[in-house]
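> following is a predicted model, sequence given first.
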Amino acid sequence: MAKKNQAVEQVWLQCTECGELNYRTPVNVRGGMPEKLKTGLKKYCPRSRSHTVHKIKRK
């Protein structure tokens with residue numbers, strides 16, 4: 001049986017325009033954060049019905 005990787009944390013992606021938490025994504029705790037997640041990802045926001053920048057929000 002495979003072991004669960006304990007170095008992964010679930011984080012929310014929050015829309016920068018409306019502030020809604022739309023997506024959850026796993027992030028590797030060890031080894032630093034990818035540059036894409038630091039600067040923000042362009043994802044679809046259903047509330048504003050457009051593609052907007054989403055940044056990390058830890059709960």
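Now that the structure is in, tell me what you want to look at. Numbering: from 1, shown residues only.
> next, count neighbours for residue 38.
10 (other C-beta atoms under 10 Å). In this view, the C-beta of every residue, glycine as well, is placed from N, C-alpha and C.
> that one in helix, strand or coil?
At residue 38 the chain is in helix, as set by DSSP: H, G, I helix; E, B strand; the rest coil.
> for it, give me its contacts.
residue 56 (C-beta atoms under 8 Å, 6 or more residues apart in numbering).
> what about it, distance to residue 27?
From residue 38 over to residue 27 the distance is 11 Å, taken as C-beta to C-beta, to the nearest Å.
> now residue 13
10 Å.
> overlap in contacts of these two?
With contacts taken as C-beta under 8 Å, 6+ apart, residue 13 and residue 27 have residue 56 as neighbours in common.
> more crowded one of those two?
residue 13 (20 against 15).
> surely that one is in a strand?
Yes. Residue state for residue 13 (three-state DSSP) corresponds to a strand.
> verify the stated contact: residue 51 with residue 22.
No. The pair residue 51 / residue 22 is not scored as a contact, 11.5 Å apart, by C-beta atoms under 8 Å.
> can you list residues touching both of residue 38 and residue 27?
Listed as contacting both residue 38 and residue 27 by C-beta under 8 Å, 6+ apart are residue 56.
> returning to what we had before: more crowded one of residue 51 and residue 22?
residue 22 (16 against 11).
> number of residues surrounding residue 36?
Residue 36 is flanked by 9 other residues according to other C-beta under 10 Å.
> what's the pLDDT at it?
Looking at residue 36, its pLDDT reads 79.
> quick one: it from residue 53, how far?
Taking C-beta to C-beta, one finds residue 36 at 11 Å from residue 53.
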